[in-house]
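In: below: sequence and its predicted model.
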Amino acid sequence: MIFGDQAFIELVSIFYSFVIAMALGMARAMGMVMVLPIFVRTVQSFTGTKAGLLLLYAETVTILIFPIAGWIAQRVDPVYPVTFGTLLFCLSSLGLSQIQVDTSFTELVAWTMLGRVGF
């Protein structure tokens, strides 16, 4: 019986984990890198420079977090940082889902930075 084989079950589990990771990655790419600048340009009437600065601040956090994430990855079981990062990303997405026309630039930067730390 093929479904009783432990290797097959592990393979299916890895496949579904890959699909979920790809879906989250695509959501991040679409939401944070493409949709957010379009939103601030069209709805909030930001200039191109200000929309770029929004992404620049967030990516600066990403660059600073990489060495810390590498240090943590060598010392902690991967379940904990992945869970913590996913929770931060979800919290950031929840905050970004509440933005309005009058949301300040600082608040947008804060939510975007939190998402970069989490993801």
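Out: Arrived safely, thanks for sending. Numbers count the residues shown, from 1 in each chain.

In: and Leu87, how far is that from Gln98?
Out: Here the distance between Leu87 and Gln98 works out to 17 Å (C-beta to C-beta, to the nearest Å). For every residue, glycine as well, the C-beta is placed using N, CA and C.

In: ok, Ser13 next?
Out: Where Gln98 is concerned, Ser13 sits at a distance of 35 Å (C-beta to C-beta).

In: swap in Ile72?
Out: Ile72 is 29 Å from Gln98, by C-beta to C-beta.

In: now swap in Val82 and tell me
Out: Taking C-beta to C-beta, one finds Val82 at 25 Å from Gln98.

In: these two - which one has more neighbours?
Out: Val82 (12 against 9; other C-beta atoms under 10 Å).

In: output the helix or strand hosting that one as CSV, restricted to C-alpha atoms.
Out: Using DSSP states H and E, Val82 sits within helix 79-96. Output of helix 79-96 as CSV, limited to C-alpha atoms (Å, rounded to 0.1, in the frame of the first residue of the first chain):
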residue,chain,number,x,y,z
VAL,A,79,10.4,26.1,14.8
TYR,A,80,10.6,29.1,17.1
PRO,A,81,12.0,31.8,14.7
VAL,A,82,9.7,30.6,11.9
THR,A,83,6.7,30.8,14.2
PHE,A,84,7.7,34.2,15.6
GLY,A,85,8.5,35.5,12.1
THR,A,86,5.2,34.3,10.7
LEU,A,87,3.3,35.9,13.6
LEU,A,88,5.1,39.2,13.0
PHE,A,89,4.3,39.0,9.3
CYS,A,90,0.6,38.3,10.1
LEU,A,91,0.5,41.2,12.6
SER,A,92,2.1,43.5,10.0
SER,A,93,-0.4,42.4,7.3
LEU,A,94,-3.3,43.0,9.8
GLY,A,95,-2.0,46.5,10.4
LEU,A,96,-1.5,47.2,6.7
